[in-house]
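> the sequence isn't on hand, but the structure is:
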């Protein structure tokens with residue numbers, strides 16, 4: 001018998017043997033024991049997370065090596081300026097690093113080669129830097145006028161950062177201001193807070209820098225030491241033959257020195273003379289440029305208004321206080337321009353149907369066109385003037401005798417309580433219609449922005465508790481744009497699903513708390529970049545008629561606001577929420593720097609009453625004015641007021 005195994009079987013057995021030997025050899029290294037990795041170090045210290053701007057932050061780091069070796073430390077991640085010496089981390093937060101989260105990571109390494117990391121964040125408290133420097137634009141350029149906080153202690157004492165606390169209280173942090181318009185509030189924690197600048201102006205912001213400056217058209221008015229009587233004598237030739245409804249306007253680059261004349265000369269006349277006696281402490285010598293303008297009646301669809309005709313530019317005014325100032329010249333024909341006006345009236349009608357509780361009464365519409373002088377890259381406003389800063393190209397006829405010098409202010413957001421209904425407006429445009437072609441004079445430089453404004457107004461009758469007489473409340477929705485090239489439709493809509501403390505905004509209710517949280521959803525379409533919530537407490541002014549009066553105003557980019565106020569038990573109020581759009585303004589950094597287009601849509605709540613038995617919340621009142629719930633809007637630089645009393649003598 002052949003006892004030899006097959007060749008293939010021998011080959012397999014040999015391969016298996018070799019593999020076994022190799023495995024056994026590997027397991028016998030280092031005397032047959034497998035080496036374990038060294039243990040990681042263990043941190044025995046915890047970093048602090050409290051820090052302050054320009055103050056040294058120190059962290060003594062401690063860690064142990066379970067194997068008994070030594071431990072060294074290194075910085076794996078840190079903000080600029082942080083350093084590690086041995087086991088001590090030091091860092092002095094800069095202003096740019098304060099009020100923002102800063103990341104740290106420390107690596108601990110043992111002499112045996114093991115390591116571990118420790119990471120944390122530090123958000124130092126820091127200084128909030130507020131600046132209030134207004135810019136005035138006139139024929140010679142711009143002039144920066146700072147708020148002198150050192151001379152306006154009433155304003156300075158009102159500035160504060162109001163920081164919400166976990167227990168619903170407010171940490172009130174104050175600061176100090178300088179003559180150059182700067183104001184600093186130190187030790188403000190990171191994150192959002194309410195910045196109160198004046199009692200009626202409050203902004204929800206997380207920024208460490210805030211520009212509260214405004215852009216104004218015209219020179220700032222200055223007061224003389226005493227009032228004098230100054231005469232302005234006007235005479236002009238070169239007029240278009242006068243019609244029965246013509247108006248004349250004299251406008252200057254000095255705020256407050258603007259007035260209008262009705263035609264009181266014979267029909268067909270081509271010359272004009274007129275004068276005004278002005279008793280005032282206004283320093284007229286500040287005026288450097290002016291305009292004398294003729295306005296002529298035109299019809300635009302259902303609207304009647306006035307379009308600019310001939311004009312006379314007055315680039316070198318030189319007025320003397322207390323004297324007779326003669327201004328004369330020949331008016332020049334204005335180059336003609338035209339603009340097709342097409343209004344999506346159905347969209348405006350829809351917007352006006354959702355204004356508040358009850359059914360609104362639509363009062364009418366306003367359409368204006370104007371040229372903004374001097375300021376070319378922004379939208380500026382008038383300063384303490386009822387006449388408005390722009391040069392009207394078309395202004396509506398609001399009744400048989402009124403002419404508005406204001407190019408756009410008729411369409412600024414002026415929602416609020418009414419002591420008397422406004423003058424008759426042009427009819428509301430509630431259906432889609434083309435109003436036709438507007439022809440108007442426009443002799444002004446092409447670089448000056450043209451501002452087209454359209455708005456509609458309505459009134460709501462807001463009930464007053466325990467009274468059968470409601471309070472009329474005016475609501476406005478509108479916009480300001482460049483020259484339109486498409487049908488005019490609302491750029492922004494009212495907020496949706498508004499609530500007050502979780503209850504329906506449009507239903508009268510009683511709060512069992514003295515704190516207020518208002519919430520809403522963003523409107524459909526173009527999202528607003530800001531929302532304003534304003535309180536209108538019920539009060540009785542000197543005329544004895546109860547009304548909802550404007551009070552504190554809160555502005556935010558979010559869709560809810562817990563207001564930093566403590567309401568009075570038994571107080572009744574309404575709330576206006578305004579959705580706002582602005583091409584330039586940023587409510588967290590520069591709310592008053594504006595550019596076209598702008599738009600707004602408002603709603604008003606039903607009456608809300610704080611229960612007389614409501615327990616007082618631990619919420620600090622933002623100011624005495626908050627507790628009283630009555631305030632005025634002091635948003636202009638306080639200085640000696642210039643008083644005017646104008647009497648036209650011919």
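Now that the structure is in, tell me what you want to look at. Source: prediction; values computed, not measured.
> correct me, but residue 574 touches residue 608?
Yes: at 6.8 Å, residue 574 counts as touching residue 608 under the criterion of Cβ atoms under 8 Å. (Each C-beta comes from the backbone N, C-alpha and C, glycine too.)
> show me the strands in the stretch 351-500 of the chain, by range?
361-371, 391-396, 416-417, 432-441, 450-462, 471-481, 496-500 (DSSP state E, counting those that start in this stretch).
> out of those, which gets nearest to residue 206?
With Cβ to Cβ, the closest approach to residue 206 among the strands of the stretch 351-500 of the chain belongs to strand 496-500: 24.2 Å.
> in the stretch 201-350 of the chain, which spans are helices?
For the stretch 201-350 of the chain, helices defined by DSSP state H, counting those that start in this stretch occupy the ranges 345-352.
> so where's it uncertain?
Regions of the stretch 201-350 of the chain meeting the criterion pLDDT under 70 are absent.
> residue ranges with poor pLDDT in the stretch 1-150 of the chain?
Ranges of the stretch 1-150 of the chain meeting pLDDT under 70: 1-33.
> again, only using 50
In the predicted model, the stretch 1-150 of the chain carries pLDDT under 50 at residues 1-30.
> flag every buried residue along stretch 350-358.
Neighbour-count burial for stretch 350-358, counted by 16 or more other Cβ atoms under 10 Å, picks out 351-352, 355-357.
> swap in stretch 571-591?
571-582, 584-588, 590-591.
> isn't residue 214 right up against residue 134?
Yes: the pair residue 214 / residue 134 is scored as a contact, 4.9 Å apart, by Cβ under 8 Å.
> does residue 521 have beta-bridge partners, and which?
residue 496 (DSSP bridges).
> hang on, isn't it packed against residue 497?
Yes: counting by Cβ under 8 Å, residue 521 does reach residue 497; the two are 4.4 Å apart.
> give me the phi and psi angles of residue 153.
phi -60, psi -30 (degrees, to the nearest 10).
> give me the neighbour count for it.
Neighbour count of residue 153, defined by other Cβ atoms under 10 Å: 10.
> contacts for the longest strand along the chain?
Identified as the longest strand of the chain according to DSSP state E is strand 223-237. Under the criterion Cβ atoms under 8 Å, 6 or more residues apart in numbering, residues 248, 250, 270-284, 292, 312, 319-331, 639-643 lie in contact with strand 223-237.
> give me the buried subset of the residues you listed.
248, 250, 272, 274-276, 278, 280-284, 292, 312, 319, 321, 325, 327, 331, 642.
> hmm, back to that, in its sheet, what does the longest strand of the chain sit against?
Assessed with DSSP bridges, strand 223-237 is paired to strand 271-282 (antiparallel), strand 324-330 (parallel).
> for residue 550, see how far away residue 310 is.
Residue 310 is 41 Å from residue 550, where distance means Cβ to Cβ, to the nearest Å.
> which one of those two has more residues nearby?
Set residue 310 next to residue 550 and count neighbours by other Cβ under 10 Å: residue 310 wins out with 22 against 19.
> who touches the spatially closest residue to the more buried one that is not a sequence neighbour in this structure?
Excluding the flanking residues, the one nearest residue 310 by Cβ to Cβ, 6 or more residues apart in numbering is residue 331, at 3.8 Å. Residues counted as contacts of residue 331 (Cβ under 8 Å, 6+ apart) are 236-239, 292, 294, 310-312.
> pull the most distant pair out of these.
Comparing the members of the contacts of residue 331, the greatest separation, given Cβ to Cβ, is between 237 and 311, at 13.1 Å.
> quick one: which of these two has more around it?
residue 311 (23 against 13).
> what about residue 333, neighbour count?
Neighbourhood size, residue 333 [other Cβ under 10 Å]: 12.
> now do stretch 133-147: everything it contacts.
Stretch 133-147 is contacted from outside by 132, 155, 177, 179-182, 211, 213-220, 253, 288-289, 315, 373-375, 380, 383, 637, using Cβ under 8 Å, 6+ apart.
> alright, I will stop here.
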